[in-house]
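Participant: Could you look at this predicted model? Sequence included:
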Amino acid sequence: MEIVTSPNFWTAMLVLGVVLLVGVSFKTKALLNNVYVAVTISLLIAVAYFHLVDHYLMDMQGLDYWYLFRK
Amino acid sequence: MGGLTPNKMLSILALGAMVGLLLLPIVVSMPALAGGGGTPAAGGPPPDVAKKADTPEAAKVEKARDVYYKTEGIVTGAPAPKTADNPQFYPRYNFESRVLLWIANQQHLYYGSFVLAVPIFCMIIEFMGIVSKDKAMAKKYDQLAYDFIKISLTAYSLTAILGGILIFTFLTLYPAFFGYLSSIFRPVMHIYALLFVAESGTIYIYYYGWDRMKEGLLKWIHVSMSVVLNVIGTTLMFLANSWIGFMMSPAGVDEQGRFLGNIWHSIHTALWNPLNVHRLLGNMAFGGGVVAAYAAYRFLASKTDEERAHYDWMGYIAMAIGVAFLIPLPFAGYWLMREVYAYRQQMGITLMGGLLAWLFIIQATMIGILFLSSNYYLWQAMGRMRGAEKYQRYIKYMVFVLVCGFLIFITPHTIVMTPAELKAMGGQQHPVLGNYGVMSAKNGGINVIITTTVLSFIWYQRGNKVPMVSWAKFGNIFMGCFFALAYVNIIWLAIYGYYIPANVRVGLSVPQVATTLSCLFFMTALNLVMLKGAKQSGAIEWGKISVRSQYALIMLATAFTWMMGLMGYIRSSVRLFWHVNEIMRDNSPWAYTHTTGFAANMISFNVLFFWLTILFVFFLATLGVKKAPAEAKVSVPGRVPEPATGH
């Protein structure tokens, strides 16, 4: 649980998603347009992005987004 | 560029004169501002206070503490008058003075909002025309901007007349209050009057110089005039906002209401900035709605396909501008409410959890109607594009999502009931529906509605286009995933709010809003990149749109008007029995809060009155069409005009 509530974890996920996207698009466009690859990369980026939005925007208000998970 | 022709010289002189006029009020007011505004004007009604100035004690320098900024300042003004219920303070006819003032104020505000918003549209559209590479489109944009300013010009005269009526109403019915307010804002009121003169001069030169300044450098000078015009207009609005901000959250005065010499403190009150942002966005959305209604009216009255095509396009542009400002409006509203709570918690509770809470349920209903109408118009508008049929089958799901969000958004927390009903329901809150009447759920509801509107707009943009970029499939999948997860995040945060304490829950609205805005900015940008070099499956057939869509535009404009009236009433009523909150008490016989029913009837009357008069303005604008120079009219190329670039 501690790993999941860490913003570093989600930042790493976001970076991983972007690296995969760049890597795949350099290799071949056909692979990028593959449904499974596209869904995996998209989900990775979007899930990580929204978690970071939730975490940091609560943190900026001095609030803990992970309140329930830490209890 | 060529030499300086007399025309260019005159144009540059006109622009210089406008800038000079703009700066004139500041130069004139320099001594007054430097001196802290000087002593308040005589003529304020409190005779007991006026005497004080002659006494030797008054000659001494007296210091007092600012009620808001808590800084010390030299007392330079008289205390707020202590009024009583008699004709000296409240002269009256055999009618409720507050209702008369309400009508005068609301009508002036409607027209003021309209004439401040429309020149901003003109500036944007005229600029789009200048930078457009397509000459036909450039002419169309120019003609559209000209059409807009023409409507605005007639409305401008009415705004000035209504402003005069408003001042006379204040002077005759509320002299004590108006005397006090003008004693505080005397230097600013002069600036306001001078800016009004500057705005009048600018708008007339801008309008009548249109044909003479249509090319080259002259055109740039002309568009610069619109920038000056809008700077003046916005400054005017900010100044007027400072007065209502002072009435709600006074500053720059001590506890007795005595002015402490710093006019900036009285202007820059706790609620001034949120009011400025909220009103600016609101005016733009309202102006867009009114112009869209005008276009719808002209569309419905059109006799030729060419006219229908032109007014269909005009309605679309106005609606798009209106909705673009409608989307951030709820967030500006949240900011305003947050500042109200920060300023006085009790004021916030009166608004959203107490006496005026039911008006917020009506407001939620109106906001829902606005978004439902906008979506309906966009879906109908897809009918004029070949290739947009592919989205039709998904519309029913969007309706479902919108209706779910809408129903949650309008669910009240508690309901007014008889004891028997209360007993039958088992408490003040409904066992099931009561769960939805809290902010956590409501925030989720409105964000779902806005996100769906963004999605509708993106689908409309793609209606007749097929992305041809090599990564199109990935782009579509990414967009789908991003929207799906945005919905999941918004709903998750809404549910999560039920399981955490109130002080943590209150912060969840920020990531919810950020999620919606992420969809708006990132997905619109991604969509535009994907549509570069897209294959068109058919042209947009302007004019080939259902009549129902035009009624949706009229509905949109009416809902905007009604909501503006409602929110104005709520904002004003929250002061309860104060003219100036906690400083000057309202002792008139009408210092009570009206019933919701009476308020709704009054708002409806104001809306009806505004629409009847604006119809007259529209009628006058149609008379002007016949007199327009032949070259100013741009023909629409056939029944199927060229689509607007990047619509």
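Facilitator: Happy to help now that I have it.
Participant: Now do stretch B:408-426, average pLDDT.
Facilitator: When pLDDT is averaged along stretch B:408-426, the result is 85.
Participant: Give me every residue in chain A lying close to chain B.
Facilitator: Contact residues, chain A versus chain B (C-beta under 8 Å from any C-beta of the partner chain): A:25, A:29, A:32-33, A:35, A:38-39, A:41-43, A:45-47, A:49-50, A:53-54, A:57-58, A:60-61, A:63-65, A:67-68. To be clear about C-beta, it is placed using only N, CA and C from the backbone, and glycine gets the same treatment.
Participant: Low-confidence stretches in chain A?
Facilitator: Applying pLDDT under 70 to the predicted model, the residue ranges of chain A that meet it are A:1.
Participant: Have a look at it and report its longest helix.
Facilitator: Of all the segments of type helix in chain A, defined by DSSP state H, the longest one is helix A:35-59.
Participant: name the helices or strands packed onto the longest helix along chain B?
Facilitator: If you go by DSSP H, chain B has its longest helix at helix B:135-173. Helix B:135-173 is packed against helix B:97-131, helix B:175-184, helix B:186-208, helix B:272-301, helix B:305-326, helix B:596-627, with contacts defined by 3 or more C-beta pairs under 8 Å, 6 or more residues apart in numbering or on different chains; DSSP states H and E.
Participant: ok so, going back, derive a ChimeraX selection command for the buried subset of the residues of chain A next to chain B.
Facilitator: Of those, the buried ones can be selected in ChimeraX as follows, counting by 16 or more other C-beta atoms under 10 Å in any protein chain shown:
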select /A:25,29,32,33,38,41,42,43,45,46,47,49,50,53,54,57,58,63,64,65,67
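Participant: on that earlier part again, could you dump the helices and strands packed on helix B:135-173 to a markdown table with mean pLDDT and distance to chain A?
Facilitator: Output for the helices and strands packed on helix B:135-173, formatted as a markdown table (pLDDT from 0 to 100; distance: least, C-beta to the nearest C-beta, whole Å):
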| stretch | mean pLDDT | distance to chain A |
| --- | --- | --- |
| helix B:97-131 | 93 | 30 |
| helix B:175-184 | 95 | 35 |
| helix B:186-208 | 89 | 35 |
| helix B:272-301 | 93 | 17 |
| helix B:305-326 | 91 | 23 |
| helix B:596-627 | 86 | 34 |
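Participant: Tabulate these in a markdown table, adding columns for mean neighbour count.
Facilitator: Rendered in a markdown table, the data for those read as follows (neighbours: other C-beta atoms under 10 Å in any protein chain shown):
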| stretch | mean neighbour count |
| --- | --- |
| helix B:97-131 | 22 |
| helix B:175-184 | 23 |
| helix B:186-208 | 19 |
| helix B:272-301 | 23 |
| helix B:305-326 | 23 |
| helix B:596-627 | 15 |
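Participant: Next, the buried residues of stretch B:157-171.
Facilitator: If you call a residue buried by 16+ other C-beta under 10 Å, then stretch B:157-171 has these buried ones: B:Leu158, B:Thr159, B:Ala160, B:Leu162, B:Gly163, B:Ile165, B:Leu166, B:Thr169, B:Phe170.
Participant: for stretch A:9-27, same thing?
Facilitator: When neighbours are counted by 16+ other C-beta under 10 Å, the buried residues of stretch A:9-27 are found to be A:Trp10, A:Met13, A:Leu14, A:Gly17, A:Leu20, A:Leu21, A:Val24, A:Ser25.
Participant: Three-state assignment for the fourth one, please.
Facilitator: Going by DSSP: H, G, I helix; E, B strand; the rest coil, the secondary structure assigned to A:Gly17 is helix.
Participant: residues in contact with it?
Facilitator: By C-beta atoms under 8 Å, 6 or more residues apart in numbering or on different chains, the residues touching A:Gly17 are A:Ile41, A:Leu44, A:Ile45, A:Ala48.
Participant: Just give the nearest non-adjacent residue to the third one, would you?
Facilitator: Just to be clear, that refers to A:Ile45. Across the structure, with C-beta to C-beta, 6 or more residues apart in numbering or on different chains as the measure, the residue nearest A:Ile45 apart from its sequence neighbours is A:Gly17 (3.8 Å).
Participant: which ones are touching the residue nearest the centre of chain B?
Facilitator: Centre of chain B computed as the mean C-alpha position; nearest residue by C-alpha atoms, centre = their mean is B:Gly282, 1.5 Å away. For B:Gly282, the contacting residues are B:Ser113, B:Phe325, B:Leu329, B:Ala332, B:Met564, B:Met567, by C-beta under 8 Å, 6+ apart.
Participant: One more pass at 6 Å, please.
Facilitator: With C-beta atoms under 6 Å, 6 or more residues apart in numbering or on different chains as the criterion, no residue contacts B:Gly282.
Participant: Over to the one 10 residues further on?
Facilitator: By C-beta under 6 Å, 6+ apart, the residues touching B:Ala292 are B:Gly315, B:Ala318, B:Met319, B:Leu553.
Participant: Looking at those, which is nearest B:Ala176?
Facilitator: Ranked by distance to B:Ala176 (C-beta to C-beta), the contacts of B:Ala292 are led by B:Ala318 at 42.8 Å.
Participant: quick one: the closest one and B:Gly288 touch, right?
Facilitator: Yes. Using C-beta atoms under 6 Å as the test, B:Ala318 is close enough to B:Gly288 to be in contact (5.0 Å).
Participant: Report the separation between the two terminal residues of stretch B:333-353.
Facilitator: Using C-alpha to C-alpha, to the nearest Å, the end-to-end distance of stretch B:333-353 comes out at 16 Å.
Participant: And for the closest residue to B:Gly427 other than its chain neighbours, the neighbour number?
Facilitator: With C-beta to C-beta, 6+ apart as the criterion, B:Gly427 has its nearest non-adjacent residue at 7.9 Å, and that residue is B:Gly434. Residue neighbour count, defined by other C-beta atoms under 10 Å in any protein chain shown, stands at 17 for B:Gly434.
Participant: now swap in B:Arg585 and tell me
Facilitator: Around B:Arg585 sit 17 other residues, with neighbours defined as other C-beta under 10 Å.
Participant: OK, contacts around it?
Facilitator: B:Arg585 neighbours (C-beta under 6 Å, 6+ apart): B:Trp578.
Participant: Can you list phi and psi of it for me?
Facilitator: Reported as degrees, to the nearest 10, the phi and psi values for B:Arg585 are phi -80, psi 140.
Participant: what pairs with it across the strands?
Facilitator: Residues found in beta-bridge contact with B:Arg585 (criterion: DSSP bridges) are B:Trp578.
Participant: Same check on B:Phe259?
Facilitator: B:Phe259 has these beta-bridge partners by DSSP bridges: B:Val253.
Participant: List the contacts of it.
Facilitator: B:Pro40, B:Thr76, B:Gly77, B:Ile184, B:Val253.
Participant: Buried only: go through those residues for me.
Facilitator: Neighbour counting by 16+ other C-beta under 10 Å classes B:Pro40, B:Thr76, B:Gly77, B:Ile184, B:Val253 among these as buried.
Participant: coming back round to it: give me the angle between the longest helix of chain B and helix B:305-326.
Facilitator: 60 degrees (axes from the mean of the first three to the mean of the last three C-alpha atoms, to 10 degrees).
Participant: Which one of the buried residues of stretch A:9-27 is nearest to B:Phe95?
Facilitator: A:Trp10 (63.5 Å).
Participant: before we move on, which element is B:Gln550 in?
Facilitator: When elements are assigned from DSSP states H and E, B:Gln550 belongs to helix B:547-573.
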